[in-house]
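[1] Need a 3D model of the following:
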Amino acid sequence: MPRILIITISLGLAVILGILFLWPKYQNFTNLQVQLKNKETELRNRNEYYQDLFSLSEKLKEFESELLNIDSALPSGVSAAALSFHNYLPKVASENGLILKSMSSFSISTLSGKGNIQVILIPIEVSGSYPSLKNFLTALEKSTRIIEVTSISFLSPQEDEFFEFQLSIQTHSY
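    Numbering: from 1, shown residues only. Sure, this is the predicted structure:
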């Protein structure tokens, strides 16, 4: 009988020692399996995200001309925007039958509450007929740039002379 008792006790000790040594390894294994599933899910979600970005990029390529219009409406870089606007005004004025008499230096200010959007204000003085001024304003309105005429004043002409118009024109950049 002592032999059976020794075998039973030895078998019980072997099971208890096996559980004590193998249980932490089993828990570590199950934790690693859970981490692996989480990483696989994260990788799948990231791949879906990049696929969505790629498909959106392909859709945006269809609207490239419209996006270029938006970029020209609000150009980045204040100095580049002011320079292009400064070069644009004489061209449009002459195309619409106005004579650009003077263009004062532009002033730049930050639009309050709108982050880093800059307002560029250029006062100009032109002379010409009223229909020419009307065509000039229509051309500014149809421009891809966001242009606002903030004030207009004029002097009545002497005999056989043109009107003299003083305008304050502003545009925006970021």
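[2] Please work out the average pLDDT along the longest helix along the chain.
    Counting by DSSP state H, the longest helix found in the chain is helix 2-62. Averaging pLDDT along helix 2-62 yields 88.
[3] who touches D160 in this structure?
    For D160, the contact set (Cβ atoms under 8 Å, 6 or more residues apart in numbering) is empty. Backbone N, C-alpha and C define where each C-beta goes, glycine included.
[4] would you say it is within a strand?
    No: D160 is assigned coil when assessed by DSSP: H, G, I helix; E, B strand; the rest coil, not a strand.
[5] rewinding a little: centre of the chain to the longest helix of the chain, how far?
    On the basis of Cα atoms, centre = their mean, to the nearest Å, helix 2-62 is displaced by 43 Å from the centre of the chain it belongs to.
[6] quick one: secondary structure of the nearest residue to L133 once chain neighbours are set aside?
    Nearest residue to L133, sequence neighbours excluded (Cβ to Cβ, 6 or more residues apart in numbering): F165, at 5.6 Å. With three-state DSSP as the basis, F165 sits in strand.
[7] Would you check that my belief about F165 contacting S156 is correct?
    No: with contact defined as Cβ atoms under 8 Å, F165 does not count as touching S156 (11.3 Å).
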